[in-house]
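Peer 1: Pasting the sequence and the predicted model now:
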Amino acid sequence: MAEAAARLEVARRDLQQAVDGARAEGASWADVGRTLGISRQAAFKRFGRPRDPRNGAPMTTRSLDHVPDLTEEVFLRIAAGDYAAVRRRMPDEVAAQLTEEAVMGTWTRVVGSVGELEGFSGTTVDLGDGSTDHESFGVVVGDTTLRHEAGELRGRVALDEHDRVVGLLVVPLGTTDLPF
């Protein structure tokens, strides 16, 4: 396992260098994305080197290893009726839309349809086009299958760069036209 992990790290570094080289030679983010089979936004999020417009300092990516656990925690809190804990993770402007009535009312309909939450499966990080990685800039989405007593649903939690909840979504499995 250690050898495989070391090879993976070398491959990631080599890929970053190849992208940097292509960009230096004039390749667009669309070109990079097309070559890697991802969107230009996903390519930029993964390989870009943006600078903070307020001070010109390089912006760094953040680890996303905790996002699956945080995604599941949000749904566990909702399932336990602890909207207050979820609310503490929201910016005020988001909480104005994702009110207790909206979140818990939706969850009540979920429970009425498929029963109590029993667990999760396949929890991953989605960088905006279905691609996954371990580091990124900006908003990311935790995506999971919510396993209930009488069925499964897809749950998504959008998290900003400070891990604040900026979106919640529960839809039937197989739904493809997602807002985030």
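Peer 2: Thanks, I have it.
Peer 1: which residue ranges form the helices in the protein?
Peer 2: Applying DSSP state H to the chain gives helices spanning 2-24, 29-36, 40-47, 67-79, 83-87, 92-95, 100-114.
Peer 1: looking at these, which is closest to His148?
Peer 2: helix 100-114 (3.9 Å; C-beta to C-beta). C-beta: built from backbone N, CA, C; applies to glycine.
Peer 1: just checking, what packs against the closest one?
Peer 2: Helix 100-114 is packed against helix 67-79, helix 83-87, strand 140-148, strand 151-159, strand 165-172, with contacts defined by 3 or more C-beta pairs under 8 Å, 6 or more residues apart in numbering; DSSP states H and E.
Peer 1: Pipe those into a markdown table and attach distance to Glu93 per row.
Peer 2: Formatted as a markdown table, the helices and strands packed on helix 100-114 follow (distance: least, C-beta to C-beta, whole Å):
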| stretch | distance to Glu93 |
| --- | --- |
| helix 67-79 | 18 |
| helix 83-87 | 13 |
| strand 140-148 | 19 |
| strand 151-159 | 13 |
| strand 165-172 | 9 |
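Peer 1: mind putting these in a markdown table, mean neighbour count, distance to Ser113 and mean pLDDT included?
Peer 2: Shown next, in a markdown table, are the helices and strands packed on helix 100-114 (neighbours: other C-beta atoms under 10 Å; distance: least, C-beta to C-beta, whole Å; pLDDT from 0 to 100):
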| stretch | mean neighbour count | distance to Ser113 | mean pLDDT |
| --- | --- | --- | --- |
| helix 67-79 | 19 | 14 | 97 |
| helix 83-87 | 16 | 19 | 98 |
| strand 140-148 | 21 | 8 | 95 |
| strand 151-159 | 20 | 7 | 97 |
| strand 165-172 | 18 | 10 | 97 |
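Peer 1: Apart from its neighbours in sequence, what residue is nearest Gly138?
Peer 2: Nearest residue to Gly138, sequence neighbours excluded (C-beta to C-beta, 6 or more residues apart in numbering): Glu161, at 5.7 Å.
Peer 1: Can you tell me how far that neighbour is from Asp82?
Peer 2: Counting by C-beta to C-beta, to the nearest Å, the gap from Glu161 to Asp82 is 24 Å.
Peer 1: Just list whatever residues bridge to the spatially most central residue of the chain.
Peer 2: The centroid of the chain falls nearest to Val141 when counting by C-alpha atoms, centre = their mean (1.8 Å). In this entry, Val141 is beta-bridged to Asp126, Ala158, by DSSP bridges.
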